[in-house]
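Visitor: Below: sequence and its predicted model.
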Amino acid sequence: MIDFKVIGTPILLRNIKKIDPESIEAYIETGGYEALKKALKKSPDELLEEVKKSELRGRGGAGFPTGIKFEIAKNQKETPKFVVVNAEEGEPGTFKDRIILENDPHLVIEGAILAAYIIGANYGYIAIRPDYTLAIKRLEKAIQDAYKYGFLGDNILGSNFSFHLKIKRGAGAYICGEETALLEMIEGKRGEPRKKPPFPPQKGLYGKPTVVNNVETLANLPFIIYYGSEEFKKYGVEGSYGTKLFCMSGDVSWKGIIEIPFGVKLSEIISLAGGVKGGKLKAVILGGVSGSLVKYDEVDIEVDYHSLGRIQAGPGCGTIIVLNDKRDIVDVCENIMRFFKDESCGKCFPCRLGTEASYRIIKKIKEKKANLHDLFNLERICKTMKNASFCGLGQTAPNIILQSLQKFKDEWLSHIS
Amino acid sequence: MKKLVDIKINGKSYLMPEGITILEACKRAGIHIPTLCYLEGITEGGHCGICVVEVKGARNLQRACITKIKEGMEIYTDTPLVRKARKTIYELTLANHKSTCPACQKEEPCEIRKIAKNIGLSEVEVELLFKEHEKDRSIINRDQTKCIECRRCVNTCEKIQGINTLIVDGKGFNSRISPPYNLPLKNTPCVFCGQCVVRCPTGALTEKDDTEKVLDALQDPNKYVVVSFAPAVRASIGELFGLPPGTLVIGKLVAALRKLGFDKVFDVNYGADLTIVEEANELIERIKFRKTLPMFTSCCPAWVKFVEEFYPEMIPNLSTCKSPQAMLGAVIKNFLPELENIPKDKIVHVTIMPCTAKKYEILRPDIMGDIDYVLTVRELAKMIKIAGIDLLSLEDEEEDIPFGEYSGAAAIFGVTGGVMEAALRTAVEWLTGETFSNLDFVPVRGMKNIRIAEIDIKDLKLKVAVAHTLKAAQEVLEKIKNKELDIQFLEVMACPGGCIGGGGQPIPTTEEILRKRAEALYTLDKNKEIRKSHENPFIKFLYEKFLGNYGSEKAHKLLHAKYSHKPNWDDIFNKSYEEICKEVLKY
């Protein structure tokens, strides 16, 4: 069981360890599916307005406004439409979706039904990585129970709205967390990103309008619909409303999930997790290994989109990997690039070859066999990947390396012979 | 009429139709953008990233091949950022490609080198990245150490032929282009059409090279080496010697072949005439005796293998006639000894083909031994160059008789619709019992993927269809299966445009080049005095002297074949090529 902590009142983790995750009755007792009942009495337009007013942003990493995504899909004339729950949680150091899926599966299912009602979708998939076996088991039970209670299926709760939900197990590739690759995967094809535009809300699964949402994003919907956007906006700060789950790992005394409202300082989160272990703070990898590198002198910063934007960072998918001063930055970068070279799908040249080439150079640098010329090549290749890769994977894969080349330049140079 | 949008390319304003790509817009504006994975009309690309451009306001560089233009778009094709990105990507690409340039089978001009020149790359600074793989040798050789995974072959196999023999396997740097489970190509349903070979920018996909063996045979004093060349060869070989596409090269080709040391130079067109009389005869029999219809042509070995592999229930529809190459092979090996008074085992028969599948065809049990080597057009050009023969300065010579004479009907065998037209010229006359002077069946001509025509002459009504590319053929077969299409005769050629676009033809093959090659063959037909196969005097001679009647028992034994769903290829392929040669040539 993943440990967890909460600052303030939780939205996402409110039921965790309090109810039996395999019992729909327990979920209903705590007010579960009340948001759905309330929603079915309103029109999708009203609900869409509420989501837009809440200014909820996608929690998968990109932070796209959820309401706008829904609106684009809702305005499409083509049918059927689809809702896809992205539970292909693959970013190293991220396990926030898992804690929700394992402990409160109905929260996500309810969120998915609400999203479907808003955009007018009748079918949905939960695309989940295959090694989340407990989550899959509990989701299967939860979906069965939801059908029994009439929350899923035809004519939900006597309305004329129908929604069917299925689980789709992936094959565990990191690229399948990218929304269009995820859609390819559901269609039974090789998991590779598609060309954008058209975006999934325009042409998604099987060419039909589709919203692909992260588990955590959808878990916010029941709260927003039930309590209203005003209540939701009491959490967080301007531009970044609500709460966010952060996964603590690395050189930190306590590892687990923390739910905090946006606006809490990064340094505060680290000290809540017992502080740095094994040395002094060197840096934080924020928002996943494709995210950003926050140096020790920058951690005194509020965690929200606006504040972090000032240091070219972002909350991303909510990963905080703490590095102490005993860590070698080249070693860290080698580790990251090894991951990306294995997980690149191979579709585009800059990513397929760039990850491999930069991994080899970093390795050479680590072994102190490299010269300054190699370092220039590394920077050149990383910049090209960032500029010319086909999808987000290749574009963000060199993020940490490029930032460390700036922020820890001397350390890189000390490896050069 | 499409809406026009206002865009800027490198600061200049243009009005362009909405919905076209940046690549297309730049082309219209006269700006060349280098591409690698993009194949016009087949695949939109998006893989290599060589074509990136800067678009004002965009977060990243945009791929010109897949990005559509929008009102007000400002495109920059030659900024330092663009140049740097292109160079870096291409450096990585070249590091990924094992260059063995001097000994590469790929013909000049090499596309890989050309792109390097285009983007101004002069040095590869990054460490070499290629992986060593074992070579896969069969009719088509695969060398993955040279492969840069541009996926042109994958897209060709999927979008032109609909077979998907070559796929992407694995992920990231460990991905590779291979048949499923990395099976050797010979153990897959690959039909060896060679379209992937024609489109591969590297030497990763090449045809089996037989030039060395042919040169050896030519030097062997105990061998009597006979050569015959296919209908489509004469329309394309000139391109490899600097002539414009569509130039007919016959007399000089014959002279060059004699110079190379071939004892006799025959023409597969003779085999084509022979195929037509047998095939027309078979069609008439099928119609008269209400046997399986529609009848499918069987000249294209890739198409025949396709039916055997994917539509075994339709094998009875395939004409039992062997292909022109195989018929000529049987005739030469069986009758030339008598005509020329040479022992049969001394004869070595080499054919020049626009095709890679023909290399596979000669290994079929019915045909094995009749033809010893098949060379593609590219291989022949290479041989002529190795021998130091200046093709263009040679005096025209004529083919040897009797197997070098042909009709206009045979001449068009190399174009899609040509076999159909040739067969109709004979079948219509035989069915109606009358002689016609108008011989052009225009509705079966053209480059549309599927063409359906009705022939209505006197009380004869025939409905026929012509398809080229196997993807189009699949469509027709599905329609026939679902009883949506009722025809009597179907012609299929596996390659786009027919043999003129074959897998053994000069590279590149564009639509424009195809059209010119087709024109050349139709002109040849028009200028021929004899334009019907059954009027070829040497066909008549062959039947009178050796075969008896059309479709006789002897003709059936030599000129017709059997097909089966599980061809016992394994047996053949398990032996080495040398072993097969030994068996066939009795070395």
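Guide: Structure received.
Visitor: what about B:His349, helix or strand, and which?
Guide: Following DSSP states H and E, one finds B:His349 within strand B:347-353.
Visitor: Averaged pLDDT, that strand. What do you get?
Guide: In this model, strand B:347-353 has a mean pLDDT of 96.
Visitor: ok, residues contacting the very next helix or strand once past it?
Guide: Note on strand B:347-353: by DSSP H and E, the next helix or strand toward the C-terminus is helix B:357-361. Contacts with helix B:357-361, where a contact means Cβ atoms under 8 Å, 6 or more residues apart in numbering or on different chains, come from B:139, B:191-194, B:207-208, B:210, B:230, B:300-302, B:305, B:323, B:325-326, B:351, B:353, B:367, B:374, B:376, B:494, B:503-504. (Each C-beta comes from the backbone N, C-alpha and C, glycine too.)
Visitor: burial of B:Leu439, as a residue count?
Guide: Counted with other Cβ atoms under 10 Å in any protein chain shown, residues neighbouring B:Leu439 total 17.
Visitor: Let me know the pLDDT of it.
Guide: Reported pLDDT for B:Leu439: 78.
Visitor: which SSE is it in?
Guide: Counting by DSSP H and E, B:Leu439 is part of no helix or strand.
Visitor: That one reaches B:Arg425, doesn't it?
Guide: Yes: between B:Leu439 and B:Arg425 there is a contact at 5.3 Å, judged by Cβ atoms under 8 Å.
Visitor: where do the contact lists of these two overlap?
Guide: Counting by Cβ under 8 Å, 6+ apart, the common neighbours of B:Leu439 and B:Arg425 are B:Arg531, B:Lys532.
Visitor: contacting residues for the closest residue to B:Val428 other than its chain neighbours?
Guide: Excluding the flanking residues, the one nearest B:Val428 by Cβ to Cβ, 6 or more residues apart in numbering or on different chains is B:Ile457, at 5.9 Å. Going by Cβ under 8 Å, 6+ apart, B:Ile457 touches B:Val428, B:Thr432, B:Phe436.
Visitor: Now secondary structure too, for those residues, in JSON lines please.
Guide: Below are those laid out as JSON lines (DSSP: H, G, I helix; E, B strand; the rest coil):
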{"residue": "B:Val428", "secondary structure": "helix"}
{"residue": "B:Thr432", "secondary structure": "helix"}
{"residue": "B:Phe436", "secondary structure": "coil"}
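Visitor: quick one: which of the residues you listed has the most company?
Guide: For these, counting by other Cβ under 10 Å, the largest number of neighbours falls to B:Val428: 20 neighbours.
Visitor: separation between that one and B:Gly551?
Guide: As judged by Cβ to Cβ, to the nearest Å, B:Val428 and B:Gly551 stand 18 Å apart.
Visitor: Pull the contacting residues for B:Thr77.
Guide: Neighbour list for B:Thr77: B:Ile9, B:Asn10, B:Cys26, B:Ile31, B:Ile33, B:Val53, B:Glu54, B:Ala64 [criterion: Cβ under 8 Å, 6+ apart].
Visitor: Select from those residues the one having the most neighbours.
Guide: Taking other Cβ under 10 Å as the neighbour criterion, B:Ala64 ranks highest of these with 28 neighbours.
Visitor: got the phi/psi numbers for residue 183?
Guide: You didn't say which chain, so I picked chain A. Taking degrees, to the nearest 10, you get phi -70, psi -40 for the backbone angles of A:Leu183.
Visitor: other chain: chain B
Guide: Torsion angles, degrees, to the nearest 10, at B:Leu183: phi -60, psi 150.
Visitor: and it, how many neighbours does it have?
Guide: Residues contacting B:Leu183 under the criterion other Cβ under 10 Å number 13.
Visitor: next one: A:Glu29
Guide: A:Glu29: 11 neighbours (other Cβ under 10 Å).
Visitor: Could you do the one 4 residues further on as well?
Guide: Using other Cβ under 10 Å, A:Tyr33 is surrounded by 22 other residues.
Visitor: Okay, now the unreliable bits of chain A?
Guide: Nowhere does chain A drop to pLDDT under 70.
Visitor: Point out the residues in the stretch 251-400 of chain A that sit beside chain B.
Guide: Those residues of the stretch 251-400 of chain A that sit near chain B, judged by Cβ under 8 Å from any Cβ of the partner chain, are A:341-350, A:352-357, A:360-361, A:373, A:377, A:380-381, A:383-384, A:386-390, A:395.
Visitor: one more time with 6 Å, if that's ok
Guide: Neighbours of chain B within the stretch 251-400 of chain A, by Cβ under 6 Å from any Cβ of the partner chain: A:341-342, A:344-346, A:348-350, A:352-353, A:356-357, A:360, A:377, A:380, A:384, A:387-388.
Visitor: ChimeraX command to pick out the buried ones of the residues you listed?
Guide: Those of these that count as buried under 16 or more other Cβ atoms under 10 Å in any protein chain shown are selected in ChimeraX with:
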select /A:341,342,344,345,346,348,349,350,352,353,356,357,360,377,380,384,387,388
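Visitor: contact partners of the strand holding B:His349?
Guide: For strand B:347-353, contacts defined as Cβ atoms under 6 Å, 6 or more residues apart in numbering or on different chains pick out B:214, B:217, B:223-230, B:233, B:325, B:329, B:332, B:371-375, B:380, B:504.
Visitor: Domains of the chain: list them as residue ranges, please.
Guide: Assuming you mean chain A. By the assignment in automatic domain parsing, chain A contains the domains A:4-232, A:236-324, A:329-413.
Visitor: Hmm, no, I was thinking of chain B.
Guide: Domains of chain B are assigned by automatic domain parsing as B:1-128, B:211-559.
Visitor: Which one of the ones you listed lies nearest to A:Ser307?
Guide: domain B:1-128 (21.0 Å; Cβ to Cβ).
Visitor: so where's the stretch 401-550 of chain B uncertain?
Guide: Scanning the stretch 401-550 of chain B for pLDDT under 70 picks out nothing.
Visitor: Spatially central residue in the chain, please.
Guide: Because you didn't say which chain, this covers chain A. Most central in chain A under Cα atoms, centre = their mean is A:Gly60, positioned 2.4 Å from the mean C-alpha point.
Visitor: meant chain B, my bad for not saying
Guide: Central residue of chain B (Cα atoms, centre = their mean): B:Gly502, 1.3 Å from the mean position.
Visitor: For that residue, which non-adjacent residue is closest in space?
Guide: Excluding the flanking residues, the one nearest B:Gly502 by Cβ to Cβ, 6+ apart is B:Pro354, at 3.7 Å.
Visitor: Can you pull the phi/psi pair for the one you found?
Guide: Main-chain torsions, B:Pro354, degrees, to the nearest 10: phi -80, psi 30.
Visitor: Quick one: residues in contact with stretch B:186-199.
Guide: For stretch B:186-199, the external contacting residues (Cβ under 6 Å, 6+ apart) are B:138-140, B:152-153, B:156-157, B:160, B:165, B:179, B:205, B:207, B:302, B:305-306, B:309, B:356-357, B:360, B:494-495, B:503, B:507, B:509, B:573.
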